[in-house]
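> here is my input, please return the structure:
(one chain, ligands or ions: 2)
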Amino acid sequence: MENLIAVLVVQQRRKASACFPILVQVMAISTTTYTSKCFRDAGGWLMSREDRSFGGEKSELSKLSTFIKLHSLSQRELKTRELKMSTVGNSTNIFWQESPIGKLERQKLLNQKGCVVWITGLSGSGKSTLACSLSRELFTRGKLSYVLDGDNLRHGLNKDLGFKAEDRTENIRRVGEVAKLFADAGLISIASLISPYRKDRDACRAMLPDSNFIEARQASF
Ligand SMILES: Nc1ncnc2c1ncn2[C@@H]1O[C@H](COP(=O)(O)OS(=O)(=O)O)[C@@H](OP(=O)(O)O)[C@H]1O
Ligand SMILES: Nc1ncnc2c1ncn2[C@@H]1O[C@H](COP(=O)(O)OP(=O)(O)O)[C@@H](O)[C@H]1O
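Numbers count the residues shown, from 1 in each chain. Ligands and ions are numbered 1, 2, ... in the order given. Predicted structure coming up:
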């Protein structure tokens with residue numbers, strides 16, 4: 001049976017003139033419960049912190065002030081959504097927002113598979129040259145790539161970082177995250193960084209399915 005996912009909202013926060021809900025919990029309920037009628041009628045669900053059951057009268061519920069988002073999801077999607085809810089810093093209301101267009105659709109549009117090619121090697125070993133040649137070669141074959149070059153990224157995104165071990169780790173983590181997003185967008189993301197520590201490269205690899213992360217070591221020519 002299809003499951004419904006209800007996002008419970010217990011309070012509102014005011015910011016400027018706008019009210020926006022604070023998301024506190026995601027819960028699955030069966031479509032056979034009383035609530036499914038409420039969902040249909042109201043197109044959403046209202047619930048107080050005190051009333052955590054789904055059995056309350058609709059009239060009571062409608063006294064409450066805020067809005068609940070409702071999605072009809074498969075069990076699998078539901079699990080994914082629940083897993084993607086996370087606490088970031090002190091915030092408990094940060095959750096993953098799905099894109100209306102899926103990765104597979106983007107890949108189909110571009111006629112290619114998004115992935116990360118990670119080129120590691122010493123400074124001056126030829127990483128950037130290799131990354132640019134690869135990008136050009138892919139382009140001539142009708143494949144869209146983008147080079148994430150360590151030098152370039154240190155001009156902007158990573159300009160606050162130096163070359164201590166922990167700064168390199170953070171540099172590589174950030175580039176890994178960007179590369180992952182580009183791969184998700186359907187691009188062939190070519191990262192060219194010294195990335196001297198295996199653990200940092202492995203952490204980037206772990207962000208993606210194995211077959212989507214290709215590591216290449218540029219030996220000095
Ligand atoms: N220790 C030190 N001091 C000063 N400058 C340095 C240092 N290490 C690297 N570089 C220069 O920074 C460029 C980018 O480095 P990366 O971001 O790829 O390094 S790392 O992956 O974070 O280790 C790197 O670019 P490439 O020479 O293209 O590798 C260097 O120009
Ligand atoms: N295969 C190669 N043969 C000869 N020279 C190369 C080769 N690859 C790169 N170079 C030269 O070496 C220098 C450093 O290359 P670069 O790609 O900037 O290295 P990195 O990005 O690793 O610092 C550049 O002057 C480049 O033209």
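> whichever residue of the chain sits closest to ligand 1: how many residues sit nearby?
Per C-beta to the nearest ligand atom, residue 150 is where the chain lies closest to ligand 1, at 2.5 Å. The way it works is simple: take the backbone N, C-alpha and C, and place the C-beta from them, glycine included. Residue neighbour count, defined by other C-beta atoms under 10 Å, stands at 21 for residue 150.
> per-residue confidence for it?
Predicted confidence (pLDDT) for residue 150: 97.
> how about it, phi and psi?
phi -50, psi -50 (degrees, to the nearest 10).
> so where do the strands sit in the protein?
3-15, 18-30, 70-73, 85-88, 91-95, 115-120, 145-149, 188-192, 213-217 (DSSP state E).
> any residues of this protein in contact with ligand 1? List them.
123-124, 127-128, 150-151, 154, 163, 168, 171-172, 193-196 (C-beta under 6 Å from any ligand atom).
> now flag whichever of those is closest to residue 98.
Among the residues of the chain next to ligand 1, residue 172 lies closest to residue 98 (C-beta to C-beta), at 27.3 Å.
> so that closest one touches residue 192, yeah?
No - here residue 172 lies out of contact with residue 192, judged by C-beta atoms under 8 Å, at a distance of 11.7 Å.
> please parse this protein into its domains.
3-95, 103-217 (automatic domain parsing).
> ranking those by mean pLDDT, which is last?
For the domains of the chain, where the average pLDDT is lowest is domain 3-95, sitting at a mean of 44.
> not counting sequence-adjacent ones, nearest residue to residue 138?
In space, residue 138 comes closest to residue 145 once its chain neighbours are excluded; the distance is 4.7 Å by C-beta to C-beta, 6 or more residues apart in numbering.
> ok, the one you found to ligand 2 distance?
16 Å (C-beta to the nearest ligand atom, to the nearest Å).
> you'd agree residue 149 is up against residue 131?
Yes - between residue 149 and residue 131 a contact is recorded at 6.5 Å, counting by C-beta under 8 Å.
> just to revisit the earlier point, hang on, the residue of the chain closest to ligand 1 packs against residue 193?
Yes - at 3.9 Å, residue 150 and residue 193 qualify as touching, with contact defined as C-beta under 8 Å.
> who touches both of those two?
127, 171, 175 (C-beta atoms under 8 Å, 6 or more residues apart in numbering).
> ok, the second one to residue 178 distance?
It stands for residue 171. Distance, residue 171 to residue 178, by C-beta to C-beta, to the nearest Å: 11 Å.
> and the closest residue to residue 205 other than its chain neighbours, how far is that from residue 102?
Sequence neighbours aside, residue 213 is the residue nearest to residue 205 in space, at 4.5 Å (criterion: C-beta to C-beta, 6+ apart). Using C-beta to C-beta, we find residue 213 at a distance of 20 Å from residue 102.
> pull the number of nearby residues for residue 202.
11.
> coming back round to it: neighbour count for residue 213 and residue 102, which is higher?
residue 213 (23 against 11).
> that one against residue 176, yeah?
No - counting by C-beta under 8 Å, residue 213 stays clear of residue 176, with 9.2 Å between them.
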